[in-house]
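K.L.:
Okay, predicted coordinates and the sequence, questions at the end:
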Amino acid sequence: MSNHPLPLRALWSALGVTAYVSVIATIAINGERIFGPVQPGVFGPIVFLLLFVFSALVTGTLVLLPPVRLYFDGHKTEGIRLLLYTAGWLGVMTIVALIILVSI
């Protein structure tokens, strides 16, 4: 178990999710330039759905694994608080992203 305060641990998890989402969004926006034009067919939707499932796994691991580990290690209150702090930080980052989007 880490000695860092729960809000800081939650911030790191939220930053990890934000970084992952930013990388995937950047790749998606520049996909044609990176990979070339996409040919119509079944593989586009397959890749999209696989990326969707993979993203759920990655973000779920970053957000849920630390609180679940705390919870099952007997630190139930800390686990729930860590999850709530992480959700709060993700909310703050979403609001900041919306403000940036609107101001551009």
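P.N.:
That came through fine. Numbering: from 1, shown residues only.

K.L.:
Next SSE downstream of the helix or strand where Leu15 lies?
P.N.:
Assigned by DSSP states H and E, Leu15 belongs to helix 6-29. Beyond helix 6-29 in the direction of the C-terminus, DSSP H and E gives the next helix or strand as helix 31-35.

K.L.:
related to what we said a few turns ago, helices or strands next to the helix holding Leu15 in the packing?
P.N.:
In this structure, helix 6-29 packs against helix 43-72, helix 76-103, with contacts taken as 3 or more C-beta pairs under 8 Å, 6 or more residues apart in numbering; DSSP states H and E. Where C-beta positions appear, they are placed from N, C-alpha and C, glycine not excepted.

K.L.:
which other residues reach the lowest-mean-pLDDT helix or strand in the chain?
P.N.:
The least trusted helix or strand in the chain, going by mean pLDDT, DSSP states H and E, turns out to be helix 31-35, with a mean of 86. Residues external to helix 31-35 that are found in contact with it (C-beta atoms under 8 Å, 6 or more residues apart in numbering): 27, 38.

K.L.:
same thing but at 7 Å, please
P.N.:
Outside of helix 31-35, the residues that reach it under the criterion C-beta atoms under 7 Å, 6 or more residues apart in numbering are Ile27.

K.L.:
At the geometric centre of this structure, which residue sits there?
P.N.:
In the chain, the C-alpha nearest the mean C-alpha coordinate belongs to Val17, at 2.7 Å (C-alpha atoms, centre = their mean).

K.L.:
All set now, cheers.
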